[in-house]
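**Q** I need the structure of the sequence given here:
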Amino acid sequence: MSQDTNQRKSPPPIFFIVALGLIAFGGYKFLPGLFASKSLDISTSTPTPTSGASPSGASPSGAIASRISLGNQILLTSQTTAAKQAGVQAFAKGDYQAAVQNFQKSLQQNRNDPETIIYLNNARSSNGSSLKIAVSVPIGTNPNIAQEILRGVAQAQDEVNNSGGINQVKVQVEIVNDDNNPEVVREVAKTLTKDPSILAVIGHNASNASVEAAPIYQQEKLVMVTPTSFANNLSGFGSYIFRTIPNISVMAAPLAEYAVKTGKTNIAICYDSQAPDNISFKDEFVAALTAAGGKLVPTVCDFSLPSFNPDKALADAVSKGAQGLMLAPHIDRIDRAISLARINRGKLPLYGSTTLYTFQTVKDGQKDVDGLVLPVPWHPETNPGSRFPENARQRWGGIVNWRTATSFDATQAVIAGLRQSTTREGLQQALRNASFSTRGSSEDVKFLPTGDRAGKPILVQVKQGGSTGYNFVPLR
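**A** Numbers count the residues shown, from 1 in each chain. Sure thing, here's the model as predicted:
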């Protein structure tokens with residue numbers, strides 16, 4: 001009797017087959033999504049409107065949201081005041097009048113804060129229609145470079161909004177922190193292209209970041225104007241990709257010619273193999289050096305290697321007859337170039353890529369970088385007829401450098417294009433037009449068919465003077 005009862009309670013074999021099949025199907029269907037949601041910190045989800053976003057736009061959710069702000073959070077934490085904190089809290093709640101008052105108060109305490117200028121302009125225009133662009137900079141890894149770029153963007157935004165906007169519509173700027181990290185940059189580019197209210201992107205900074213983002217912007221048809229990336233493979237990349245610095249061959253040639261002209265024909269090079277812009281600079285410098293009658297001294301000197309040793313690098317260059325040393329580091333590894341200059345102690349004349357024009361170079365390098373010569377696309381002392389240097393001095397309380405100028409120019413180009421059309425495609429067509437031209441920080445901004453800026457560089461040299469004890473001055 002009991003045996004019969006047990007048999008009746010036991011399900012038939014087909015039950016187990018079906019149950020196992022359902023479990024397997026459920027695992028196949030849902031587990032990948034579960035694991036994906038716990039993957040990289042930079043993952044994103046479909047953007048949804050939140051407070052702080054313009055009415056027509058969308059704000060990202062997930063971890064990427066902590067990297068993007070229209071005014072609802074502070075990204076540049078080194079420039080925080082109590083008033084600025086109150087301002088972003090008010091902005092996030094949609095209380096734009098209180099946000100304006102607090103941002104103004106913060107600027108009275110700290111005028112040299114481009115993030116607050118941008119947020120102030122955004123708050124002033126949040127109750128009406130606006131045209132929105134984005135700027136992507138390495139706030140987390142290189143806040144000084146990020147601020148240099150943001151100052152140019154903020155100054156252009158401030159000028160256009162204070163003069164009535166674009167056809168009476170104000171410009172909003174969304175700030176993004178990409179850390180110059182290619183993985184983060186990919187997610188940033190995907191997020192920005194999905195937001196239909198973003199009409200253009202100013203950025204990115206390092207060429208490895210711009211090279212990573214460019215295919216996404218090109219495919220999704222969103223204009224990218226980089227003010228600082230000079231890698232060769234960005235030239236002619238696509239019809240939506242622009243930059244407001246000249247082609248790197250134009251930048252590198254005068255430096256090589258100067259070295260040979262001053263009798264330094266045998267040059268050793270230390271560069272960064274993980275920095276596409278400085279690989280390009282090295283290649284163009286070598287080509288120009290050879291054409292001018294100079295010679296490359298073959299050495300193994302790579303700033304990107306964990307085993308980089310400045311003592312060995314210098315000893316190798318000197319033993320092989322080098323008469324000069326050209327340094328081309330990644331923007332986030334300038335300290336390694338400075339360490340090599342410190343070991344050099346003036347033995348060999350120093351030449352550098354455009355990347356080395358930073359406050360860090362003269363502040364940390366001091367007498368060890370005295371005499372360093374490098375090319376830049378802009379310098380305030382060589383543009384006496386331009387109002388930009390003085391306007392910038394009054395705005396920021398000091399002299400700005402070429403990154404601020406080319407970022408101003410990139411924003412000015414986008415503003416001029418938006419005056420012709422306020423669609424992504426219309427903006428691209430305006431910038432691609434052979435007759436396009438707009439006022440820049442010195443010369444007018446014009447683009448070649450490759451998307452490069454039409455222009456020429458200036459050679460500068462580190463000399464004693466300035467607030468840090470040393471400064472970059474035009475080479476006369």
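
**Q** drop to CA atoms for contacts and neighbour counts, all remaining ones
**A** Fine.

**Q** All the helices of the stretch 1-150 of the chain, in order from the start?
**A** Using DSSP state H, counting those that start in this stretch, the helices found in the stretch 1-150 of the chain span residues 2-9, 13-36, 82-93, 96-109, 114-124, 143-162.

**Q** in the last one, what's buried?
**A** Spelled out, it's helix 143-162. By neighbour count on 16 or more other CA atoms under 10 Å, the buried set for helix 143-162 is 143-158, 160-161.

**Q** who does that helix touch, helix- and strand-wise?
**A** Packed against helix 143-162 by the contact rule (3 or more CA pairs under 8 Å, 6 or more residues apart in numbering; DSSP states H and E) you find helix 114-124, strand 130-137, strand 170-177, helix 402-420.

**Q** And the contacts of that helix?
**A** Contacts of helix 143-162 with the rest of the structure, by CA atoms under 8 Å, 6 or more residues apart in numbering, involve 76, 113-115, 117-118, 121, 135, 137-139, 166, 170-173, 227, 358, 392, 395, 400-401, 403-412.

**Q** Work out which residue lies at the spatial centre of the chain.
**A** Asn205 (2.1 Å; CA atoms, centre = their mean).

**Q** Give me the secondary structure label for that residue.
**A** Using DSSP: H, G, I helix; E, B strand; the rest coil, the secondary structure recorded for Asn205 is coil.

**Q** pLDDT value on it, please?
**A** Predicted confidence (pLDDT) for Asn205: 97.

**Q** again with Asn471
**A** 94.

**Q** for this protein, which spans come out with low pLDDT?
**A** 1-61 (pLDDT under 70).

**Q** All the strands of it, residue numbers only.
**A** In the chain, the segments counted as strands under DSSP state E are 68-69, 130-137, 170-177, 198-202, 223-226, 241-243, 266-271, 295-297, 324-328, 350-352, 373-376, 458-464, 470-474.

**Q** Format these as TSV; extra columns: distance to Leu427 and mean neighbour count.
**A** Shown next, in TSV, are those (distance: least, CA to CA, whole Å; neighbours: other CA atoms under 10 Å):
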stretch	distance to Leu427	mean neighbour count
strand 68-69	23	24
strand 130-137	12	24
strand 170-177	14	25
strand 198-202	8	27
strand 223-226	8	28
strand 241-243	12	29
strand 266-271	37	25
strand 295-297	44	18
strand 324-328	35	26
strand 350-352	36	25
strand 373-376	28	27
strand 458-464	30	20
strand 470-474	36	21
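
**Q** Reformat these as TSV; add distance to Asn344.
**A** Below are these laid out as TSV (distance: least, CA to CA, whole Å):
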stretch	distance to Asn344
strand 68-69	42
strand 130-137	32
strand 170-177	35
strand 198-202	38
strand 223-226	34
strand 241-243	35
strand 266-271	13
strand 295-297	16
strand 324-328	9
strand 350-352	9
strand 373-376	15
strand 458-464	16
strand 470-474	18
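
**Q** can the helices and strands packed on helix 143-162 go into JSON lines with extra columns for distance to Ala454?
**A** Converted to JSON lines, the helices and strands packed on helix 143-162 look like this (distance: least, CA to CA, whole Å):
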{"stretch": "helix 114-124", "distance to Ala454": "27"}
{"stretch": "strand 130-137", "distance to Ala454": "22"}
{"stretch": "strand 170-177", "distance to Ala454": "26"}
{"stretch": "helix 402-420", "distance to Ala454": "12"}
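
**Q** Need the phi and psi values for the residue lying closest to the residue nearest to the centre of the chain once chain neighbours are set aside.
**A** The spatial neighbour of Asn205 that comes closest, neighbours along the chain excluded (CA to CA, 6 or more residues apart in numbering), is Thr228 at 5.5 Å. With angles defined as degrees, to the nearest 10, Thr228 sits at phi -140, psi -10.

**Q** Could I get the contacting residues of Thr228?
**A** 203-207, 243-245, 403, 406-407.

**Q** quick one: which of the residues you listed is nearest to Phe91?
**A** Gly203 (24.8 Å; CA to CA).

**Q** Can you show me the CA trace of stretch 200-220 as CSV?
**A** Below are the C-alpha coordinates for stretch 200-220, written out as CSV (Å, rounded to 0.1, in the frame of the first residue of the first chain):
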residue,chain,number,x,y,z
ALA,A,200,28.2,69.6,-30.9
VAL,A,201,31.1,68.4,-28.7
ILE,A,202,34.1,70.5,-27.8
GLY,A,203,36.9,67.9,-27.1
HIS,A,204,38.5,65.7,-26.4
ASN,A,205,41.9,66.7,-24.9
ALA,A,206,44.5,64.0,-25.5
SER,A,207,44.6,62.5,-28.9
ASN,A,208,44.2,58.9,-27.6
ALA,A,209,40.8,60.1,-26.2
SER,A,210,39.8,61.9,-29.4
VAL,A,211,40.8,59.0,-31.6
GLU,A,212,38.6,56.7,-29.5
ALA,A,213,35.6,59.0,-29.7
ALA,A,214,35.8,60.2,-33.3
PRO,A,215,34.4,57.0,-34.9
ILE,A,216,31.3,57.2,-32.7
TYR,A,217,30.7,60.9,-33.4
GLN,A,218,31.2,60.3,-37.1
GLN,A,219,28.9,57.3,-37.3
GLU,A,220,26.1,59.1,-35.2
